[in-house]
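In: Please find the sequence and the predicted model below.
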Amino acid sequence: MKKYTFWNVLSTLLLLLVLLGACGRSGPDHTPESRTSETVPDTIVSVTPPTCEQYGFTTYRRPDGTEYRGDLISPLLHDYQSETVPPTCTEDGYTLYRCARCGSSYQTAGDAALGHHFHSDVVPPTCQRGGYTDSVCDRCGYTVRDQYTGLAEHSFDVRITPATCTSPEQTVYVCHSCGYTYTEQGAAPSDHSFTAEIVYPDCVSGGFTEYTCRRCGYSYRDSITEPLGHSFTAIVTQPTCTAGGQTEYVCQHCGYSYVTDYTEPLGHNLEAHVVPPSCESGGYTELTCLRCGYEYRDNYTEPLGHRFQDEVIPPTCTHSGETVHTCEVCGFVRIDQILPPTDHTYVLSVVPATCEAGGYTSGVCSVCGHTEYSNETAPAGHQWEEAHLPPSPDHAGTHRISCSVCSQVLQETEVTYPESLAMLSAFSLETPVLGCDLSAHNAPVDFEKLAASGCSFVILRLGTSNGADEQFAAYYAAAHAAGLKIGAYFYTYALTVEQAANDADLALSWLDGRPLDYPLFYDMETEEQETLGAELTTGMIRTFLDRILDSGYFAGLYTNKNWLAGLLDAQTVTASYCIWLASWTPSGEPDKDYRDVCILWQYSSTGSRDGVPTELDLDLAYVDLPAFIASYGFSAGTL
């Protein structure tokens, strides 16, 4: 903020008028610019810069010596910087404006003085000074003291010293604030209360009775008697080799003693014993006193030194080598030139881990036989796997859990064929799955589209008694690639049991070990076979199906209601084999339920599905046959 006073403005205007009057003169004598090149130029005397309040100008001197001012420059004006000074308790605040160029300043009023903000410190009185209250300003520290009070009373601690035998009772009062003390006398002294102790006389000291006050300890003696005097006993000590003799007199009452009647020592009575030198010790003569046992040695000679015989012992795998020096005189032994044991020469043998025992590498030293073990490994553990020998009507099957590495059998259970067939009910499906049966008559088949149309499985014609189905191998591969479950059926023209057996051999050869998810069905339905009688047809069925079951495949019979009604022994067949029932509905839709009669129902011969260009047979499966077959081990081959 900038501010100008009246006198600042007035002085500025006056200076401006003077300069304008000097510079406003016309003519060549006053204006440097109007001079011709022939005139002598004016000289610059000085240059006065402008200030905050004054104009700047240049002073010129004419040739005639007169001076004038020109080149007028306006005042710079003040460049004020403000500084706010806050109010204190006693002084008003203000704002100070100071020009940064010339230092000119002025101030404006700010906030009023704050006034003191006191808090009170009360100082209580003591015994030596009065109390007061200090009011201290929290902002500036200014202090006002008032509210004075008088001295406080003394606060005495009382110490009572009871009366003794010679001194009265005293009570001492000491102020714990200022230390002021005074004493008061109490009860008078009490008399002594003496106890008597009799001390009897001894040899050198007289006796007396000592009286001691039990309260203050003061004592005195009387009844003093004379000492008794010593009563001596003489103790005679005979002289020895090194000590003289004497007579000691000892008082039998107090133990006081003195010695007299001294005699000279007897001196030693020495006997000499010569000790010859050995290999390590020197010789000497030992002199011993026969009276007191004192001894000493002299006439020393040097040790003789060892005479060694050397024996070199070479190192082995387990013991260090060394040179043994044995003295032939005294038997002393010294060992040096110790060589470390030689390394073992190990022959390594690797013992691999088994299912139950860990493996290791053993090293046997070929020199000393020492054995080291390393590279120990944990037991490999059993690799358990399940295997099934499927049952048939002629023999029981086996469910075995054994180790594929060591062949140890963990569990083995026998399963009979009727038991196996009865277990089909455990695999019943709440909702049947859709499938179809196909032969070369339905070609060409797109199995990817067929699978996408909702079919879960296909029963492929393997062939007939007259030859293999030309599409079976291709159908099998394509269906497997499309993710469809696969079963098969064999259409028979057999009229004898022998021909039925031949049918089974043909079927197994054409399967060539291919696994099946659904059974291999025997299809018997020709007019000639209808005339054979139930006993023969049942025998043919059993021959074919038993041979298929014995080979490891699950097998069943494809038939219809007419055959079950009398053309075969239905009780025997249905009790031993699973049934694929052909019973077509007029609508071509599965509008009935035959789960109590069969495991597979062919409900239409005029069905259609994407991927099949012809009419085809459609089927419903009531049992999860792939799970049953896998659980009971029915597949290509046996255990």
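Out: Cool, got the structure.
In: Stretch 434-448: end-to-end distance?
Out: End-to-end span of stretch 434-448 (CA to CA, to the nearest Å): 15 Å.
In: and that stretch, which residues are buried?
Out: 434-440, 442, 445-448 (16 or more other CB atoms under 10 Å). C-betas here are computed from N, CA, C, even on glycine.
In: Repeat that for stretch 421-434.
Out: Result for stretch 421-434 [16+ other CB under 10 Å]: buried residues 421, 424, 427, 432-434.
In: Please apply the same query to stretch 516-536.
Out: Residues 516-524, 529, 532, 536 are the ones in stretch 516-536 that count as buried (16+ other CB under 10 Å).
In: re the thing from before, can you list the buried residues of stretch 434-448 in a markdown table and add pLDDT?
Out: Compiled in a markdown table, these are given as follows (pLDDT from 0 to 100):
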| residue | pLDDT |
| --- | --- |
| 434 | 98 |
| 435 | 98 |
| 436 | 98 |
| 437 | 98 |
| 438 | 98 |
| 439 | 97 |
| 440 | 97 |
| 442 | 97 |
| 445 | 97 |
| 446 | 98 |
| 447 | 98 |
| 448 | 98 |
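In: which of these sit farthest apart?
Out: Across the buried residues of stretch 434-448, no pair lies farther apart than 434 and 440, at 22.2 Å, counting by CB to CB.
In: returning to what we had before: of the buried residues of stretch 421-434, closest to residue 169?
Out: Distance to residue 169 across these (CB to CB) is lowest for residue 427, with 117.9 Å.
In: Filter the buried residues of stretch 421-434 down to the ones in helices?
Out: When the buried residues of stretch 421-434 are checked against helices using DSSP state H, the ones located there are residue 421.
In: got a markdown table for the buried residues of stretch 421-434, with distance to residue 196 too?
Out: Compiled in a markdown table, those are given as follows (distance: CB to CB, whole Å):
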| residue | distance to residue 196 |
| --- | --- |
| 421 | 129 |
| 424 | 127 |
| 427 | 124 |
| 432 | 132 |
| 433 | 131 |
| 434 | 136 |
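In: just for the stretch 501-639 of the chain, where's the confidence low?
Out: 635-639 (pLDDT under 70).
In: Where do the helices of it begin and end?
Out: Assigned by DSSP state H, counting those that start in this stretch, the stretch 501-639 of the chain shows helices spanning 527-530, 534-551, 561-562, 570-576, 625-631.
In: Residue 241: which of those helices is closest?
Out: Minimum separation from residue 241 across the helices of the stretch 501-639 of the chain (CB to CB) falls at helix 625-631, 116.1 Å.
In: which residues are contacting that closest one?
Out: 388, 423-424, 427, 485, 487, 516-519, 554, 599-600, 634-635 (CB atoms under 8 Å, 6 or more residues apart in numbering).
In: And the buried residues of stretch 421-434, which two are furthest apart?
Out: Among those, 421 and 434 lie farthest apart (CB to CB), at 24.0 Å.
In: just the helices in this structure please.
Out: Using DSSP H, helices in the chain cover 6-23, 417-422, 447-452, 472-481, 497-511, 527-530, 534-551, 561-562, 570-576, 625-631.
In: Which one of those helices lies nearest to residue 171?
Out: Per CB to CB, nearest to residue 171 of those: helix 6-23, 89.3 Å.
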